[in-house]
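*Asks:* Quick one: sequence plus predicted model below, questions after.
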Amino acid sequence: MAAAAAAKVQEVREITRIERIGAHSHIRGLGLDDALEPRQVSQGMVGQQTARRAAGVILEMIKEGKIAGRAVLIAGQPGTGKTAIAMGMAQALGPDTPFTVISGSEIFSLEMSKTEALMQSFRKSIGVRIKEETEIIEGEVVEIQIDRPATGTGAKVGKLTLKTTEMETIYDLGQKMIESLTKEKVQAGDIITIDKATGKITKLGRSFTRARDYDAMGPQTKFVQCPEGELQKRKEVVHTVTLHEIDVINSRTQGFLALFSGDTGEIKGEVREQINAKVAEWREEGKAEIVPGVLFIDEVHMLDIESFSFLNRAMENDLAPVLIMATNRGITRIRGTNYQSPHGIPIDMLDRLVIISTTPYEEKEIKQILKIRCEEEDVEMSDDALIVLTRIGMETSLRYAIQLITTANLVCRKRKGTEVSINDVKRVYSLFLDECRSTQFLKEYQQEFLFNEMNAEPGSETMETS
Ligand SMILES: Nc1ncnc2c1ncn2[C@@H]1O[C@H](COP(=O)(O)OP(=O)(O)OP(=O)(O)O)[C@@H](O)[C@H]1O
Ligand SMILES: [Mg+2]
């Protein structure tokens, strides 16, 4: 009986572990060693070593948190791992450093002005670590005794006995405390903390001395030591919120519920000024600390001249995050003007940037990346199929080859195979065109498509209208 129940629990757990696989889900960091030297293959990252080394230096700068408003541009051909490097940096920084990711085009589609959207992204990238001291009672529950009133109505009363390794005390319980003890299903043998200010009860786990009762509890039960010393303690709790969250909570028109819907609207300048002043005050009193994070703007060539000018200014604020941008454009028109500029970025902005460039991959790197992707997608692929796929990656693009992994695996499963073979890869290669063959096809059959503009007057670009 017990074994069957345990097996069931196991199954449920496996199901909840399934995650979706995204374009960059194999990236777990930058893959650097302690001396910031990139390992050839590590944490899902392959090659591109100069860029990774440079990103590592920036990472150190961000971790130190002293320098505000620096900006980095990652520039290189499509599919050379610019977004992947930025994601690696986010992973390496960990969850405690705010890392906001937006795409250059995003700021045009929100229900607010471009500059407001950028401002909100800036403030989402600055964390405020607020320290608070609270009084708590922490101990092991010896006994809970709840007396029901004899009449059957009226408030319940009761007693709670808690102990540490050194002392034991009995506390009187009121109605509210009884309710929360029942809600948390607290029993004798649990280690709990009670926040004195709010009355909130948190279960830390079961006492080790109760480990014998294991069978009755199931595998999730966490065992902890019985606390030492006094029952009453002062504890420092730390919350990390972003400046943007503080803005939204304090903006009278929105209220904190807007944080859930994301529909925060525009926030008034005065609100932000007040909050900056308040945060500065907390910092002076030692109650709060600033955690500067990162704002990553992908496809930055989509920003227009006004947005760039706003960024120039915003970066000079001492509450500015480190700005990382990425682009795959060469010399092109700056959006909103008729001027051309490298990467479509105005010269005065470029002047404030350090530029990391990425270069196309060699064959063995492409092979390695494809191999990692196969592992990520749980696809078994034969060695010669991988070699063919690598060739395809070299001749078309890395992205196209990555797409073929999933599709070839489906074809393989369809024929009830367990390992993707050369034929599976060939089959999907003929089913799905890459960009080059598709263009070729269009050139051959353009007459049969609607709106073909092959013979339209030169210079009429349809892609680049703003
Ligand atoms: N060095 C690398 N190590 C591991 N995976 C990589 C590496 N470089 C790229 N990839 C993977 O290859 C794919 C394409 O890379 P990515 O999206 O980062 O290119 P990009 O430079 O941002 O291109 P674009 O200019 O088109 O935005 C992604 O799935 C990415 O995770
Ligand atoms: Mg990209």
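*Replies:* The structure has been received and is ready for your questions. Ligands and ions are numbered 1, 2, ... in the order given.

*Asks:* Helix or strand with the lowest mean pLDDT in this protein?
*Replies:* Using mean pLDDT, DSSP states H and E, helix 2-16 stands out as the lowest-scoring helix or strand of the chain, at a mean of 43.

*Asks:* which is the next helix or strand following it?
*Replies:* Downstream of helix 2-16, the next assigned helix or strand under DSSP states H and E is strand 41-42.

*Asks:* Could you point out the bridge partners of the residue of the stretch 101-250 of the chain found nearest ligand 1 in the sheet?
*Replies:* Closest residue of the stretch 101-250 of the chain to ligand 1, Cβ to the nearest ligand atom: residue 103 (9.6 Å). Placement of C-beta: from N, CA and C, glycine included. For residue 103, the beta-bridge partners are residue 298 (DSSP bridges).

*Asks:* ok, residue 220 - how many residues close by?
*Replies:* For residue 220, the count of nearby residues is 7 (other Cβ atoms under 10 Å).

*Asks:* How about residue 366?
*Replies:* Residue 366, neighbours per other Cβ under 10 Å, totals 24.

*Asks:* For the stretch 251-400 of the chain, give me the ranges with low pLDDT.
*Replies:* Counting by pLDDT under 70, the ranges of the stretch 251-400 of the chain that qualify are 252-264.

*Asks:* list the contacts for the closest residue to ligand 1 within the chain?
*Replies:* In the chain, the residue that lies nearest ligand 1 is residue 81 (2.5 Å; Cβ to the nearest ligand atom). Applying Cβ atoms under 8 Å, 6 or more residues apart in numbering, we find residue 81 in contact with 48, 51, 358, 361.

*Asks:* ok, the first one to residue 41 distance?
*Replies:* If you measure residue 48 against residue 41 using Cβ to Cβ, to the nearest Å, the figure is 11 Å.

*Asks:* so what's residue 175 scoring on pLDDT?
*Replies:* pLDDT recorded at residue 175 is 84.

*Asks:* For it, grab the count of nearby residues.
*Replies:* Using other Cβ under 10 Å: residue 175 sits among 11 other residues.

*Asks:* Compute the number of surrounding residues for the closest residue to it other than its chain neighbours.
*Replies:* Using Cβ to Cβ, 6 or more residues apart in numbering and skipping residues adjacent in sequence, the residue nearest residue 175 is residue 155, 4.6 Å away. Residue 155 sits with 9 neighbouring residues when counted by other Cβ under 10 Å.

*Asks:* Give me the more crowded residue out of residue 48 and residue 41.
*Replies:* Using other Cβ under 10 Å as the criterion, residue 48 and residue 41 rank with residue 48 on top: 26 against 15.

*Asks:* Quick check: residues of the stretch 301-450 of the chain near ligand 1?
*Replies:* Contacts of the stretch 301-450 of the chain with ligand 1, taken as Cβ under 6 Å from any ligand atom, map to 328, 369, 398-399, 402.

*Asks:* quick check: longest strand of the protein.
*Replies:* For the chain, the strand with the greatest residue count under DSSP state E is strand 126-147.

*Asks:* what's the average pLDDT for that one?
*Replies:* pLDDT averaged over strand 126-147 gives 89.

*Asks:* and the helix or strand following it, what does it pack onto?
*Replies:* Moving toward the C-terminus from strand 126-147, the next helix or strand (DSSP H and E) is strand 157-163. In terms of contacts (3 or more Cβ pairs under 8 Å, 6 or more residues apart in numbering; DSSP states H and E), strand 157-163 is packed against strand 126-147, strand 168-173, helix 175-183.

*Asks:* how about the ones you listed in TSV, adding distance to residue 30?
*Replies:* Formatted as TSV, these follow (distance: least, Cβ to Cβ, whole Å):
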stretch	distance to residue 30
strand 126-147	21
strand 168-173	51
helix 175-183	44
